[in-house]
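**Student:** pasting a predicted model and its sequence here:
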Amino acid sequence: MKNDPLPVMLQLSVFEGFTRPELDVLSSVFRIRQLKPGEVLGREGSVAPSFFVLASGIVSVLKELEGGKRQRLATVGKNSLIGQLELIDGGKRAATYEAASPVVLLECTREDFERLFRANNPFAYKVLDFVIMDLSKRLRQANKRLEDLLADPGKTLGMMYDAFVEVGKAVHETGEFSRLGVR
């Protein structure tokens with residue numbers, strides 16, 4: 001694969017609506033990155049110097065748990081943005097991103113994004129719009145889940161009890177009582 005991101009950009013709906021001169025500017029700040037299955041794009045808690053547009057392949061979004069375990073939160077594919085929240089707030093990676101298949105990404109650093117933003121490039125505003133829409137969707141989903149939990153307190157307490165019992169069994173089976181200060 002050549003190092004010129006423009007042909008890749010032309011195949012992605014994320015870049016639809018941009019003029020050729022705008023795409024030429026954008027192609028100057030993106031670089032192509034490829035990952036093999038199992039390679040980590042970014043690890044939870046690490047510095048997030050860039051964000052990515054997924055051009056092809058599948059990326060697993062993972063939450064790191066104690067004991068080296070992981071929980072898959074989501075799977076994302078073509079035209080997905082990865083790391084856009086950290087791009088906006090300057091925070092650390094909220095999750096671990098791992099290639100679940102061969103992956104091709106377009107990478108843009110925070111510095112290059114800020115340069116686009118200061119130049120009033122439409123892509124910078126499109127990314128901000130995407131982040132706002134994504135956050136709004138997540139907030140609505142969280143509100144709905146909270147509403148569901150509060151609507152039937154008995155059911156919620158039952159689910160919490162069941163979860164507590166499962167955690168208790170796991171702690172008992174692994175002998176982790178001593179770590180918790182329980183004898």
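**Tutor:** Structure's in. What do you need? Residues are numbered from 1 along each chain as shown.
**Student:** show me the shaky parts of the protein.
**Tutor:** Across the chain, the ranges flagged by pLDDT under 70 are 1-2, 174-183.
**Student:** please enumerate the helices of it.
**Tutor:** Taking DSSP state H, the helices of the chain run over residues 6-9, 20-29, 84-89, 110-118, 122-151, 153-174, 177-180.
**Student:** need those helices in JSON lines (columns: distance to residue 104 and mean neighbour count).
**Tutor:** Yep, even glycine has a C-beta here, placed from its N, CA and C like the rest. As requested, the helices of the chain are exported to JSON lines (distance: least, C-beta to C-beta, whole Å; neighbours: other C-beta atoms under 10 Å):
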{"stretch": "helix 6-9", "distance to residue 104": "7", "mean neighbour count": "17"}
{"stretch": "helix 20-29", "distance to residue 104": "15", "mean neighbour count": "14"}
{"stretch": "helix 84-89", "distance to residue 104": "18", "mean neighbour count": "18"}
{"stretch": "helix 110-118", "distance to residue 104": "19", "mean neighbour count": "15"}
{"stretch": "helix 122-151", "distance to residue 104": "19", "mean neighbour count": "12"}
{"stretch": "helix 153-174", "distance to residue 104": "39", "mean neighbour count": "10"}
{"stretch": "helix 177-180", "distance to residue 104": "43", "mean neighbour count": "10"}
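**Student:** quick one: residues contacting residue 123.
**Tutor:** Residues in contact with residue 123 (C-beta atoms under 8 Å, 6 or more residues apart in numbering) are 15, 18, 22, 26, 116.
**Student:** contacts only, for the nearest residue to the first one once chain neighbours are set aside.
**Tutor:** What that stands for is residue 15. In space, and not counting its chain neighbours, residue 15 is closest to residue 9: 4.7 Å by C-beta to C-beta, 6 or more residues apart in numbering. Under the criterion of C-beta under 8 Å, 6+ apart, the contact list for residue 9 reads 15, 23, 26-27, 30, 106.
**Student:** hang on, the earlier thing: nearest to residue 5, of the contacts of residue 123?
**Tutor:** Closest approach to residue 5 among these (C-beta to C-beta): residue 26, at 8.0 Å.
**Student:** any idea how far residue 77 is from the residue nearest to residue 15?
**Tutor:** With distances taken as C-beta to C-beta, to the nearest Å, residue 9 is found 17 Å from residue 77.
**Student:** one step back: so which of the helices of the chain comes closest to residue 53?
**Tutor:** That would be helix 6-9 among these, by C-beta to C-beta, at 8.2 Å.
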